[in-house]
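J.: everything below, folded, please.
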Amino acid sequence: LRSHVQPGRTQREGVLRASGYGDGGEEMIALPDSGPWKRIERIGDAVLLLGDCLEILPTLPRVDAVITDPPYAIPTVVAQGRTVTRNLGDMSIVETAMRVYLGAAWERMTSAGRIFVFCDGTSYPVIFRTLYSEFQTAMLVWDKGQIGMGREFRKSHELIIHGWRVDTPTFSDGKGRADVLKFQPVASEIRVHPAQKPDGLLVELVRPSGATILDPFMGSGTTGVACANLGRKFIGIEIEPKYFDIACERITNAYRQERLFA
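T.: So this is what the prediction gives:
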């Protein structure tokens, strides 16, 4: 079920099999045991890589979709006396970062691929501008069903930008889908990552996304858990060893359980 390889320990190649998107075919996707990652784990149909996604992404094979929750906090400048300075120019910093990170990710997508990016109301305009010239876009809303922290009107949702290309096939399983996805957030007492998403929410995003899914900001591995539950291939990248280990454990457990979603 699971194999662990430290870089440089062997020269043999591990092979990840992935179904062709929409044609029922298969192609072999090979990832060497050594590369620009500190560790590689193969768990079922998932390949997990510990390291910097900007170094790793150019070495990856093509994927059908990118589903990710990147760090999107808007920077502020704290002056003497702890006065917070907000400037519209801050947005350009985030936009530049998003173009670099997301651009490197979507370069790995096929011409028929799609992308889902989590964001909030402040970062949405930046990520929208980043994707606009490459994709047709729509906004999805994750309705958490409860209020969080804030002022008078507290957040009870997060936003998700859905991007697709002209050649991206229209997914249809006979069910109409609303652009508001209602899922309770992960309870704080069982949350293993500050930005952890509920498994069912990621299942809804993975379902129309083809055979092989990439998450360059894997975190605790929820995208990989959803892929395991739906029988999809998964490539995940995480830079923080603590969360990489958590993702490995969660995805291993997902493969050990009976498939939860059809």
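J.: compute the first-to-last residue distance for stretch 55-70.
T.: 16 Å (Cα to Cα, to the nearest Å).
J.: same question, stretch 162-173
T.: For stretch 162-173, the end-to-end distance is 18 Å (Cα to Cα).
J.: please point out which parts of it sit buried.
T.: His162, Gly163, Trp164, Arg165, Thr168 (16 or more other Cβ atoms under 10 Å). Glycine gets a C-beta too; all of them are placed from N, C-alpha and C.
J.: quick one: pLDDT of the third one?
T.: Looking at Trp164, its pLDDT stands at 97.
J.: ok, now how distant is it from Leu49?
T.: 26 Å (Cβ to Cβ, to the nearest Å).
J.: still on that earlier bit, now for the buried residues of stretch 162-173: which two are most distant?
T.: Farthest pair in the buried residues of stretch 162-173 (Cβ to Cβ) is His162 and Arg165. Separation: 11.8 Å.
J.: give me the common contacts of the two.
T.: Arg114 (Cβ atoms under 8 Å, 6 or more residues apart in numbering).
J.: how about the buried residues of stretch 162-173 in a markdown table, adding distance to Ala65?
T.: A markdown table is the format used below for the buried residues of stretch 162-173 (distance: Cβ to Cβ, whole Å):
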| residue | distance to Ala65 |
| --- | --- |
| His162 | 10 |
| Gly163 | 10 |
| Trp164 | 9 |
| Arg165 | 11 |
| Thr168 | 9 |
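J.: return the subset of these lying in strands.
T.: Among those, the ones falling in strands (DSSP state E) are His162, Gly163, Trp164.
J.: what is the nearest of those to Ile127?
T.: Of these, the one sitting nearest to Ile127 (Cβ to Cβ) turns out to be Gly163, at 9.5 Å.
J.: contacting residues around that closest one?
T.: Arg114, Ile115, Phe116, Val117, Leu131, Glu134, Phe135, Gln136, Thr137.
J.: got a winner among these for most neighbours?
T.: Val117 (27 neighbours; other Cβ atoms under 10 Å).
J.: just checking, it is part of a strand?
T.: Yes. Counting by DSSP: H, G, I helix; E, B strand; the rest coil, Val117 is located in a strand.
J.: please, where are all the helices along the stretch 101-250 of the chain?
T.: Here the stretch 101-250 of the chain has its helices, by DSSP state H, counting those that start in this stretch, at 124-132, 199-206, 222-230, 241-256.
J.: for His193, find the nearest of these.
T.: helix 241-256 (6.0 Å).
J.: and that closest one, C-alpha only, in CSV?
T.: The C-alpha coordinates for helix 241-256 follow below in CSV (Å, rounded to 0.1, in the frame of the first residue of the first chain):
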residue,chain,number,x,y,z
PRO,A,241,7.2,18.1,7.1
LYS,A,242,4.6,18.1,9.9
TYR,A,243,1.7,18.4,7.5
PHE,A,244,3.3,16.0,5.0
ASP,A,245,3.4,13.3,7.6
ILE,A,246,-0.3,14.0,8.5
ALA,A,247,-1.3,13.8,4.8
CYS,A,248,0.5,10.5,4.4
GLU,A,249,-1.3,9.1,7.4
ARG,A,250,-4.7,10.4,6.3
ILE,A,251,-4.4,9.1,2.8
THR,A,252,-3.1,5.8,4.0
ASN,A,253,-6.2,5.4,6.2
ALA,A,254,-8.4,6.4,3.3
TYR,A,255,-7.1,3.6,1.2
ARG,A,256,-7.5,1.1,4.1
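J.: list the buried residues of that helix.
T.: Tyr243, Phe244, Asp245, Ile246, Ala247, Cys248, Arg250, Ile251, Thr252, Ala254, Tyr255.
J.: which residues touch the one residue sitting closest to the centre of the chain?
T.: Nearest to the geometric centre of the chain sits Thr68, at 2.2 Å (Cα atoms, centre = their mean). With contacts defined as Cβ under 8 Å, 6+ apart, Thr68 is in contact with Ala105, Phe116, Val117, Phe118, Leu214, Asp215, Pro216, Phe217, Thr223.
J.: tell me what it is bridged to.
T.: Listed beta-bridge partners, Thr68: Val117 (assigned using DSSP bridges).
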